[in-house]
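**Student:** Make a model of this:
(one chain, ligands or ions: 1)
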Amino acid sequence: AGNTEKQWSLADFEIGRPLGKGKFGRVYLAREAKSKYIVALKVIFKEQIEKYKIHHQLRREMEIQTSLRHPNILRLFGWFHDNERIFLILEYAHGGELYGVLKQNGHLTEQQAATYIASLSQALAYCHGKCVIHRDIKPENLLLDHEGRLKIADFGWSVQSSNKRKTMCGTLDYLAPEMVENRDHDYAVDNWTLGILCYEFLYGNPPFEAESQKDTFKRILKIDLSFPLTPNVSEEAKNLISQLLVKDPSKRLSIEKIMQHPWIVKNADPKGV
Ligand SMILES: Clc1cnc2c(Nc3ccc(N4CCOCC4)cc3)nc(-c3cccnc3)cn12
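**Tutor:** Below you'll find the model as predicted:
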């Protein structure tokens, strides 16, 4: 049967301008020579992979992102390598980083914020359904397509959850209580992050920002959450944020409940999701 996947090489692409640089390499605009199809080419140097010991993380990112198909998740079409570099062939997000839009405008409107939170919730519901936890959702990892639709990129920190959902695995008879208790909550890290992002979209900075990392950790552990008087944010938005930034993972609003929250129902633009 052989591998039906085409073996790509650098010769198949015309390289355009750099789009930006990540920690382990750069991202370039590129065009597949025959089809003229526009992609983003993420170049990672093998010596960096050795140096930072990120083989497994990179392999996981590639396996996970290749397997995910969702309108709000950036596609990984394939990959290839030469002696020094690994190349990821990624979907090009024409609108660039959401982070840029956020910093440009200072903060987003309630409609924009609710639309992005609804998109993220749908993408996460899809990921969690496939036992994938992203764990590193932040504005830098969020891109926009030509219609301003949100795309989650960079699954470098995601994990294939070891705790298969109750429905997906064998007998629970032999599980210790803490295992049964935690099984459904390791996904809740992403729900917490939705609360952080919703706050940042509406106020322009994350809720537990502090001078030092130590102080940020203290504020997180205390759930030291306060809402500035400006910009003016609706009570429903604050209500959603307060139901996500909850210490006990089992008490955080579920993805389904987020989608049904009055603030989302009222403000999210179904076309933008
Ligand atoms: Cl992966 C991937 C797919 N598409 C992109 C992309 N696309 C993109 C489009 C447009 C503009 N603009 C720059 C301002 O003027 C408007 C257009 C920037 C990035 N950027 C990055 C990236 C990565 C790191 C830093 N910064 C950007 C990664 N990408």
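**Student:** Tell me which helix or strand Pro18 sits in.
**Tutor:** Using DSSP states H and E, Pro18 falls within strand 13-21.
**Student:** What are the contacting residues of that strand?
**Tutor:** Strand 13-21 is contacted by residues 26-33, 39-41, 96-97 when judged by C-beta atoms under 8 Å, 6 or more residues apart in numbering. (C-beta placed from N, C-alpha, C; glycine too.)
**Student:** Same list (those residues) but as TSV, adding distance to the ligand.
**Tutor:** Shown next, in TSV, are the contacts of strand 13-21 (distance: C-beta to the nearest ligand atom, whole Å):
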residue	distance to the ligand
Arg26	8
Val27	4
Tyr28	9
Leu29	7
Ala30	10
Arg31	13
Glu32	14
Ala33	19
Val39	8
Ala40	3
Leu41	9
Gly96	3
Glu97	5
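**Student:** Kindly provide the distance from Asp154 to Leu90.
**Tutor:** 10 Å (C-beta to C-beta, to the nearest Å).
**Student:** what number of residues lie near the residue in the chain positioned nearest to the ligand?
**Tutor:** For the chain and the ligand, the shortest gap (C-beta to the nearest ligand atom) falls at Gly20, measuring 1.9 Å. A total of 13 residues lie near Gly20 under the criterion other C-beta atoms under 10 Å.
**Student:** And it, how close does it get to Met62?
**Tutor:** Separation of Gly20 from Met62 (C-beta to C-beta) stands at 20 Å.
**Student:** what does the chain put close to the ligand?
**Tutor:** Contacts of the chain with the ligand, taken as C-beta under 6 Å from any ligand atom, map to 19-20, 22, 27, 40, 42, 90, 92-94, 96-97, 143, 153.
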